[in-house]
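Engineer: My questions are about this predicted structure, shown below with the sequence.
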Amino acid sequence: MCGIVGIVSSSNVNQLLYDALTVLQHRGQDAAGIVTYQDNRFFLRKDNGLVRDVFHTRHMRRLVGNVGIGHVRYPTAGSSSSAEAQPFYVNSPYGITLAHNGNLTNADELSSHLFRTDLRHINTNSDSEVLLNVFAHELQKQGKLNPTKDEIFEAVRAVHKRCRGAYAAIAMVTGYGIVGFRDPHGIRPACYGVREGEKGEKEYMIASESVALNAAGFTVVRDIAPGEAVYIETDGTLYTEQCAEDPKLYPCIFEHVYFARPDSIMDKVSVYKARLRMGEVLADKILRERPNHDIDVVIPIPDTSRTSAMQLAYHLGVKYREGFIKNRYIGRTFIMPGQKMRKKSVRQKLNPIDLEFRDKNVMLIDDSIVRGTTCEEIVEMARDAGARNVYFASAAPPVRYPNVYGIDMPSANELIAHNRSVEEVQNLIGADWLVYQDLEDLISCVNDVNDEINDWECSVFTGNYITGDVDEAYLTHLEELRNDGKRTEAAIQSGTDNAIIDLHNDED
Ligand SMILES: O=P(O)(O)OC[C@H]1O[C@H](OP(=O)(O)OP(=O)(O)O)[C@H](O)[C@@H]1O
Ligand SMILES: NC(=O)CC[C@H](N)C(=O)O
Ligand SMILES: [Mg+2]
């Protein structure tokens with residue numbers, strides 16, 4: 001997942017963008033970038049690292065202008081090289097930069113078409129550079145010296161025709177404005193909001209999650225609809241238009257399970273409420289499976305599972321205890337690159353309070369089990385801390401299939417539940433009892449909060465890919481390209497390949 005943000009204001013946007021990116025940091029920890037615009041020039045700073053490490057005072061001073069976009073990255077394509085940090089830039093037409101959350105499933109095909117037919121060069125393996133060039137080409141094709149909203153929307157229309165997969169994106173067109181758009185299935189989230197500037201003028205912000213708008217004092221207007229584009233000119237005039245022929249909302253359910261912050265509202269679903277429901281219905285399942293259970297205490301695996309675990313304990317009528325203390329300086333482990341780093345980080349991140357475990361039957365709750373990195377370590381830690389029995393419950397169903405829409409799970413074989421029964425996973429993680437949420441129950445949790453959404457993007461649980469273009473050949477290719485072994489190689493290389501076309505105007 002990545003986080004994107006774009007702002008049109010009546011004063012400098014650098015600090016607002018920075019603050020928004022820190023609020024979206026949970027969506028991507030690998031790289032961060034901001035680009036602003038003033039007097040016909042872009043000012044760009046992007047690099048690997050957390051937001052606080054990438055932007056120092058000297059960089060912030062140079063990021064001048066009242067319009068800008070920003071990005072935090074969790075790579076799902078290409079490498080972790082800083083050259084693939086976003087926003088990406090293309091000089092023609094007008095000078096355009098783009099920040100993207102999601103993953104294109106036809107990036108290879110588009111890339112070769114861009115080269116052979118559109119005569120455009122793609123310099124990295126990032127699908128986001130492809131997306132930017134498709135948008136740029138479609139805008140250029142219209143041949144207008146001064147593009148209006150009509151040309152911008154026409155370009156988005158063409159993007160929808162050519163691109164497959166998931167994309168929530170914000171592009172900044174030099175001198176004209178910013179445009180945010182969501183793919184025709186609305187797989188990845190995006191919303192926009194408004195606030196009053198000092199002289200009463202309207203200022204706008206587009207972001208991946210509503211929490212970024214709240215934190216910056218913007219009032220959420222609404223989600224961008226699937227296929228829709230929101231264009232805000234530099235003077236603050238806003239236009240919206242539906243640019244897809246057959247849009248239909250299929251939001252990614254994993255946002256609600258894990259990715260999003262609980263204080264966000266996405267497609268009119270409060271993530272917090274959805275997670276509370278996940279705890280409730282999981283408690284019901286536990287009671288169905290073992291009406292006479294002997295659970296002494298419910299312990300969450302911080303951070304994300306806390307909300308569900310609390311409600312689960314309440315519904316079971318069992319004590320809730322914070323048995324693991326989280327090191328606040330370690331980020332999210334699941335989105336770290338490489339299994340070795342993830343495994344090490346679980347131990348660094350979580351430490352048990354022995355007295356909550358000693359001689360007790362503990363029920364550990366996590367939001368999801370993906371590779372099994374966290375639960376394998378945690379079950380062992382609970383036993384070492386003296387637990388009599390270690391039970392484990394996951395607020396999401398077994399994750400059995402790769403994700404191709406912006407979550408870096410490219411390889412089925414790396415998923416602990418792939419081709420395994422619940423019992424086999426239970427044995428593998430060393431638990432005495434393992435309970436997974438059922439998919440219908442998970443869907444009911446989000447639909448209880450907003451029953452207007454008929455369909456969810458659930459491919460990691462079902463193996464059904466709604467864009468219809470994902471076949472065995474694609475998945476095999478993805479696995480070969482991005483399995484953990486390959487990425488470790490890329491990480492080693494990335495120390496040296498950062499020099500490949502670095503368009504930074506700022507060296508450090
Ligand atoms: O089975 P795994 O491959 O370990 O993946 C699942 C775990 O990873 C995530 O935690 P993470 O540490 O990323 O973030 P959190 O602090 O928000 O829970 C998630 O919340 C699970 O705990
Ligand atoms: N997680 C994402 O949204 C990734 C965006 C893009 N595919 C990249 O790899 O940079
Ligand atoms: Mg976790």
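Structural biologist: Nice, thanks for sending it over. Ligands and ions are numbered 1, 2, ... in the order given.

Engineer: Check which helix or strand residue 332 maps to.
Structural biologist: Assigned by DSSP states H and E, residue 332 belongs to no helix or strand.

Engineer: for the residue lying closest to it once chain neighbours are set aside, what are its contacts?
Structural biologist: Using C-beta to C-beta, 6 or more residues apart in numbering and skipping the chain neighbours, the partner closest in space to residue 332 is residue 26 (6.2 Å). Any C-beta I mention is one placed from the backbone N, CA and C, and that applies to glycine too. With contacts taken as C-beta atoms under 8 Å, 6 or more residues apart in numbering, residue 26 has the following neighbours: 3, 259, 261, 332.

Engineer: Ok, residue 165 next?
Structural biologist: For residue 165, the set of contacting residues under the criterion of C-beta under 8 Å, 6+ apart consists of 102-107, 127, 183, 187, 404-405, 467, 469.

Engineer: quick one: the strands in the stretch 301-450 of the chain?
Structural biologist: With DSSP state E, counting those that start in this stretch as the definition, the stretch 301-450 of the chain shows strands at residue ranges 319-320, 324-326, 350-352, 361-366, 389-394, 433-436.

Engineer: Residues in contact with the fourth one: which ones?
Structural biologist: Judged by C-beta under 8 Å, 6+ apart, the contacts made with strand 361-366 from elsewhere in the structure are 279, 282, 286, 294-301, 304-305, 308-309, 312, 316, 318, 323, 356, 374-375, 378-379, 382, 387-395.

Engineer: Now do the same for residue 125: helix, strand or coil?
Structural biologist: For residue 125, the assignment made with DSSP: H, G, I helix; E, B strand; the rest coil gives coil.

Engineer: I'd assumed residue 77 was in contact with it.
Structural biologist: Yes. Here residue 125 lies in contact with residue 77, judged by C-beta atoms under 8 Å, at a distance of 6.4 Å.

Engineer: With neighbour numbers in mind, choose between the two.
Structural biologist: Per other C-beta atoms under 10 Å, whichever of residue 125 and residue 77 has more neighbours is residue 77, with 24 against 19.

Engineer: Setting the sequence-adjacent residues aside, check what's closest to the more buried one.
Structural biologist: In space, residue 77 is closest to residue 127, 4.3 Å off (C-beta to C-beta, 6+ apart).

Engineer: Look up phi and psi at the residue of the stretch 1-150 of the chain at minimum distance from ligand 2.
Structural biologist: For the stretch 1-150 of the chain, the residue closest to ligand 2 is residue 2, as judged by C-beta to the nearest ligand atom, at 3.5 Å. For residue 2, the backbone dihedrals are phi -130, psi 170 (criterion: degrees, to the nearest 10).

Engineer: Which residues are in contact with it?
Structural biologist: Residue 2 neighbours (C-beta under 8 Å, 6+ apart): 27-28, 71-74, 86, 99-102, 208, 406.

Engineer: same thing with residue 180?
Structural biologist: Each residue near residue 180 by C-beta under 8 Å, 6+ apart is listed here: 4, 6, 168, 169, 170, 190, 192, 206, 224, 229, 230.

Engineer: Could you identify the pair within those that is furthest apart?
Structural biologist: In terms of C-beta to C-beta, those reach their longest pairwise distance at 4 and 229, which sit 14.0 Å apart.

Engineer: Just the CA atoms of stretch 195-215, as CSV, please.
Structural biologist: Written as CSV, here are the backbone C-alpha positions of stretch 195-215 (Å, rounded to 0.1, in the frame of the first residue of the first chain):
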residue,chain,number,x,y,z
ARG,A,195,-11.3,24.2,4.2
GLU,A,196,-11.3,27.9,4.2
GLY,A,197,-8.0,29.8,3.7
GLU,A,198,-7.1,33.0,5.6
LYS,A,199,-9.1,35.2,3.2
GLY,A,200,-12.1,32.9,3.1
GLU,A,201,-11.0,31.2,-0.2
LYS,A,202,-11.5,27.5,-0.7
GLU,A,203,-8.5,25.2,-0.2
TYR,A,204,-8.7,21.5,-1.2
MET,A,205,-6.9,18.4,-0.3
ILE,A,206,-7.1,14.9,-1.8
ALA,A,207,-5.7,11.9,0.2
SER,A,208,-5.7,8.1,0.6
GLU,A,209,-7.4,8.3,4.0
SER,A,210,-9.8,10.7,5.6
VAL,A,211,-7.6,10.9,8.7
ALA,A,212,-5.0,12.9,6.8
LEU,A,213,-7.7,15.5,6.0
ASN,A,214,-9.0,15.6,9.6
ALA,A,215,-5.5,16.1,10.9
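
Engineer: Wondering if it reaches ligand 2 at all.
Structural biologist: No. No part of stretch 195-215 sits close enough to ligand 2 to count as contact by C-beta under 6 Å from any ligand atom; the gap is at least 9.0 Å.

Engineer: buried residues in that stretch?
Structural biologist: Within stretch 195-215, the residues scored as buried using 16 or more other C-beta atoms under 10 Å are 202-215.

Engineer: before we move on, what about stretch 59-71?
Structural biologist: Those buried within stretch 59-71 under the rule 16+ other C-beta under 10 Å are 59, 60, 63, 64, 65, 66, 67, 68, 69, 70, 71.

Engineer: Please list the residues of this protein that sit near ligand 1.
Structural biologist: Selection of the chain residues close to ligand 1 by C-beta under 6 Å from any ligand atom yields 258, 301-304, 332-335, 366-375.

Engineer: Got a quick ChimeraX command for the buried subset of those residues?
Structural biologist: The buried subset of the residues of the chain next to ligand 1, as determined by 16+ other C-beta under 10 Å, is captured in ChimeraX by this line:
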select :258,301,302,303,304,332,333,334,335,366,367,368,369,370,371,372,373,374,375
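
Engineer: Tell me where the model's unsure across the stretch 401-508 of the chain.
Structural biologist: Counting by pLDDT under 70, the stretch 401-508 of the chain shows low-confidence ranges at 487-508.

Engineer: Okay, helices next: where are they in it?
Structural biologist: Secondary structure of the stretch 401-508 of the chain (DSSP state H, counting those that start in this stretch): helices at 422-429, 439-449, 459-462, 472-482, 484-497.

Engineer: For the ones you listed, give me JSON lines that also has mean neighbour count and distance to residue 176.
Structural biologist: Formatted as JSON lines, the helices of the stretch 401-508 of the chain follow (neighbours: other C-beta atoms under 10 Å; distance: least, C-beta to C-beta, whole Å):
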{"stretch": "helix 422-429", "mean neighbour count": "16", "distance to residue 176": "52"}
{"stretch": "helix 439-449", "mean neighbour count": "19", "distance to residue 176": "37"}
{"stretch": "helix 459-462", "mean neighbour count": "22", "distance to residue 176": "36"}
{"stretch": "helix 472-482", "mean neighbour count": "15", "distance to residue 176": "36"}
{"stretch": "helix 484-497", "mean neighbour count": "14", "distance to residue 176": "34"}
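
Engineer: Can you tell me which of those is nearest to residue 237?
Structural biologist: Distances from residue 237 to each of the helices of the stretch 401-508 of the chain were compared using C-beta to C-beta; the minimum, 33.8 Å, belongs to helix 439-449.

Engineer: I'd like the C-alpha coordinates of the closest one written as PDB, please.
Structural biologist: Backbone C-alpha positions of helix 439-449 (Å, rounded to 0.1, in the frame of the first residue of the first chain) are rendered in PDB as follows:
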ATOM      1  CA  LEU A 439     -15.300 -14.700   4.900                       C
ATOM      2  CA  GLU A 440     -19.000 -14.200   5.000                       C
ATOM      3  CA  ASP A 441     -18.700 -13.000   8.600                       C
ATOM      4  CA  LEU A 442     -15.900 -10.600   7.600                       C
ATOM      5  CA  ILE A 443     -18.000  -9.200   4.800                       C
ATOM      6  CA  SER A 444     -20.900  -8.800   7.100                       C
ATOM      7  CA  CYS A 445     -18.700  -6.700   9.400                       C
ATOM      8  CA  VAL A 446     -18.000  -4.100   6.800                       C
ATOM      9  CA  ASN A 447     -21.500  -4.200   5.400                       C
ATOM     10  CA  ASP A 448     -23.000  -3.800   8.800                       C
ATOM     11  CA  VAL A 449     -21.300  -0.400   8.800                       C
END
